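# Kindly return the folded structure for what I paste below:
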Amino acid sequence: MTFAVINTGGKQYKVTTNDKLRIEKLSNEEGKSILFDKVLLINDNQNMELGSPLIEGAKVEAKIVKQTKNKTVLIFKKRRRHNSRRKNGHRQKMSVVQITKIFGKGGKLLSESNKNENKKVKTTTKKSA
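The predicted structure is shown next:
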């Protein structure tokens, strides 16, 4: 199984093809493809390449599935015995991307997603009694 470690938004992610990631917001629209060129590590079945800090010519191609917001983070501040409290919320903007291709050193294609292998999100329904 081929995987890569990429750096985006100040964080590192281990990715394989067909993975869906929730990352910091990207400026592109939904449906567009994007290249991550900050690749730190690539591992295919035979060998592993480790960058110092990056691997030259390696890149990961992804498609932006959705632009959305993360869950609400509540900020509650209270000063005791002063009848002073403040409640605030924040929703960080984020992008959901699906990894389509992984390119190795020199632009060699190592792994490509098949459209038939898309991971389905499990949904549950409540049964009424």
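
# And the residue lying farthest from the centre of the chain, what's its pLDDT?
Taking C-alpha atoms, centre = their mean, the residue of the chain most remote from its mean C-alpha position is Arg81, at 44.3 Å. Note on Arg81: pLDDT of 94.

# tell me which element it is part of?
In the assignment (DSSP states H and E), Arg81 maps to no helix and no strand.

# pLDDT weak spots in the protein?
Where the chain drops to pLDDT under 70, the residues are 115-129.

# Between the two ends of stretch 83-96, how far is it?
With C-alpha to C-alpha, to the nearest Å as the measure, the first residue of stretch 83-96 is 42 Å from its last.

# Around Arg79, how many other residues sit close by?
9 (other C-beta atoms under 10 Å). The way it works is simple: take the backbone N, C-alpha and C, and place the C-beta from them, glycine included.

# Now name the helix or strand holding the closest residue to it other than its chain neighbours.
Distance criterion C-beta to C-beta, 6 or more residues apart in numbering; nearest residue to Arg79, sequence neighbours excluded, is Arg85 at 7.4 Å. Assigned by DSSP H and E, Arg85 falls within strand 84-90.

# what residue is smack in the middle of the chain?
Judging by C-alpha atoms, centre = their mean, the chain has its centre closest to Leu21, at 2.9 Å.

# that older thread, from Leu50, how far out is the residue farthest from the centre of the chain?
56 Å (C-beta to C-beta, to the nearest Å).
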